[in-house]
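Q: Pasting a predicted model and its sequence here:
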Amino acid sequence: MSAEANMPDTGPKLTGWHVLAIFVTGFGIIIGVNVFMAWNAVSTFPGMEVSSSYADSQTFDERRYAQEALGWNASIEIPGDGTLVLHLVDDAGAPVAPAELTALLTRPTNQTEDQVLVLQRVNGAFVAPVTLGNGLWRLRLTGAARDGTDYRHNITFRHFD
């Protein structure tokens, strides 16, 4: 009698396909959770940036609520004539006149093409000459409302000729 005949039946055997299914399922769960967390982080980012995370975290919520209470909405257009048009309006769609407003146009990955924009008011919008290459750009707005509320907002956009 052979030794195999004396071995009890242990049930289904673990094959290479089973191991592959275990690995694919495990890594699929990990990748799925990472994608979900990254999407939530990006979709809920309010666009505010800070210089010192700890110091600014002490009053971050207060400043964010104050900025949100302003009800300002910013959008841009690039008409193709070497200008950038910034529309800054309130919740009713009326143009906003901040006490101060500065704009820095930059690439998200480097500083070599940074441009400090000279904003001029034209028909309720802010207009500035720009030099844009193809690719990803970020407009960083910093300013203050007439009541002293700080305003910070980033608009990231792609430009192609």
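A: Yep, that arrived.

Q: Tell me how this protein divides into domains.
A: As given by automatic domain parsing, the domain ranges for the chain are 11-43, 53-159.

Q: Name the SS class of Ile30, please.
A: helix (DSSP: H, G, I helix; E, B strand; the rest coil).

Q: now swap in the one 5 residues further on and tell me
A: Three-state secondary structure (criterion: three-state DSSP) places Val35 in helix.

Q: Can you report how many residues lie near it?
A: Using other CB atoms under 10 Å, Val35 has 10 neighbouring residues. Every C-beta, even on glycine, is put in place using the N, C-alpha and C of the backbone.

Q: so where do the strands sit in this structure?
A: Listed in chain order, the strands of the chain (DSSP state E) span 73-77, 83-89, 100-106, 115-117, 120-122, 125-129, 135-144, 150-159.

Q: Ok, which of those comes nearest Phe45?
A: Set against Phe45 and scored by CB to CB, those come closest in strand 150-159, at 9.1 Å.

Q: what stretches of the protein score poorly on pLDDT?
A: 1-7, 46-50 (pLDDT under 70).
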